[in-house]
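S.K.: need coordinates for the following:
(one chain, ligands or ions: 1)
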Amino acid sequence: MPDADRNAVADKDYGIGVPVANPAFPLKGANNYDWGMKDRLARIFDARSTRTVMLAFDHGYIMGPTSGLERIDLSILPIGDLADCLMCTRGALRACIPPTMNKPVALRCSAGSTVLTELNNEVIGVEIEDAIRLNASAMAAMVAIGSQFEALTIKNLCLLVETGNRYGIPTLGVCAVGKELTRDARYLGLACRVIAENGAQFVKTYFCEPDFEKVTAACPVPIIIAGGKKLPEKEALAMARKAIDQGAAGVDMGRNIFQAEAPRAMIKAVRAVVHDGLTPEAAFEMYKDLQAKS
Ligand code: 5RP
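M.R.: Sure, this is the predicted structure:
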């Protein structure tokens with residue numbers, strides 16, 4: 001509508017001479033993504049620290065009822081509110097996680113083998129429509145670089161990247177676990193780089209010593225670390241600290257949180273390391289204090 005009072009035009013503030021803000025998107029390698037992709041990544045990575053504490057409980061898809069996950073309703077629901085993102089299968093999500101928890105989800109989309117057969121012989125088991133129906137903020141696929149399933153799992157990754165890019169859903173490439181796969185910087189650096197070059201918007205791998213900073217430096221997108229097998233709480237916090245200090249953008253931790261003596265205290269302590277820069281010693285003190293009060 002035209003202004004009733006033509007003089008009011010003079011009062012409008014067009015900001016003449018003020019340059020339009022054009023802030024860079026803060027995640028590594030993500031500046032040229034489209035809006036929806038950035039929006040989903042911004043749900044996963046905390047705006048303040050640009051890091052993430054993801055809570056992984058997708059272990060059942062290869063290991064069945066893993067210790068600490070026998071009852072997801074009893075172990076994950078009481079701590080899920082403290083995660084920046086939940087990583088799980090669609091089965092666990094629909095059956096055990098109320099949508100009112102309202103957390104971004106990194107949906108495990110590769111499937112096909114268990115600990116009883118050949119690990120990593122996987123296909124993509126989740127159609128993009130179901131990932132959209134579940135409002136996934138990311139889709140995840142295992143990638144077994146250097147194994148007999150290398151080509152198959154890279155193809156799986158590419159399929160997720162292709163469909164994810166179509167709909168603005170980022171893909172998380174997960175460095176495979178497997179007895180025959182080494183976990184040194186040479187292997188992990190190669191694997192993470194291959195995963196990123198194939199289009200994953202972020203990569204999950206294991207921390208290694210020495211030279212983890214070379215793994216993160218050579219990967220053009222954010223790297224987050226898995227926790228791996230349960231460690232004493234202080235050691236798990238120290239590992240997280242070292243990974244962050246050497247360039248990791250966060251953790252996607254499972255057993256070291258839900259198998260901890262006090263899981264809620266542990267995820268708070270992990271958050272303090274990842275987001276607030278606490279030393280492992282200070283974070284462990286925090287863990288013990290919270291444990292004592294729980
Ligand atoms: C397995 C996974 C798991 O989510 C991952 O291993 C994280 O869990 P944890 O911290 O217990 O290792 O991606 O492929």
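S.K.: where do the strands sit along this structure?
M.R.: Applying DSSP state E to the chain gives strands spanning 52-56, 85-88, 105-108, 110-111, 123-124, 138-143, 171-175, 202-205, 223-226, 250-253.
S.K.: dump those to TSV, plus mean pLDDT, mean neighbour count and distance to the ligand.
M.R.: For the C-beta atoms, the positions are set from N, CA and C on the backbone; glycine is no exception. Converted to TSV, the strands of the chain look like this (pLDDT from 0 to 100; neighbours: other C-beta atoms under 10 Å; distance: least, C-beta to the nearest ligand atom, whole Å):
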stretch	mean pLDDT	mean neighbour count	distance to the ligand
strand 52-56	99	25	3
strand 85-88	98	24	5
strand 105-108	98	27	7
strand 110-111	95	23	9
strand 123-124	96	18	15
strand 138-143	98	28	6
strand 171-175	98	28	5
strand 202-205	98	28	6
strand 223-226	98	26	4
strand 250-253	98	28	5
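S.K.: so which residues on the stretch 101-250 of the chain come close to the ligand?
M.R.: 142, 174, 177, 226-228 (C-beta under 6 Å from any ligand atom).
S.K.: which two of those residues have the greatest separation?
M.R.: Pairwise distances among these were taken by C-beta to C-beta; the largest, 16.3 Å, belongs to 142 and 227.
S.K.: thinking again about what came up before, can I get the strands of the chain in TSV with distance to residue 233?
M.R.: Conversion of the strands of the chain to TSV gives the following (distance: least, C-beta to C-beta, whole Å):
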stretch	distance to residue 233
strand 52-56	15
strand 85-88	21
strand 105-108	24
strand 110-111	30
strand 123-124	36
strand 138-143	26
strand 171-175	24
strand 202-205	21
strand 223-226	16
strand 250-253	12
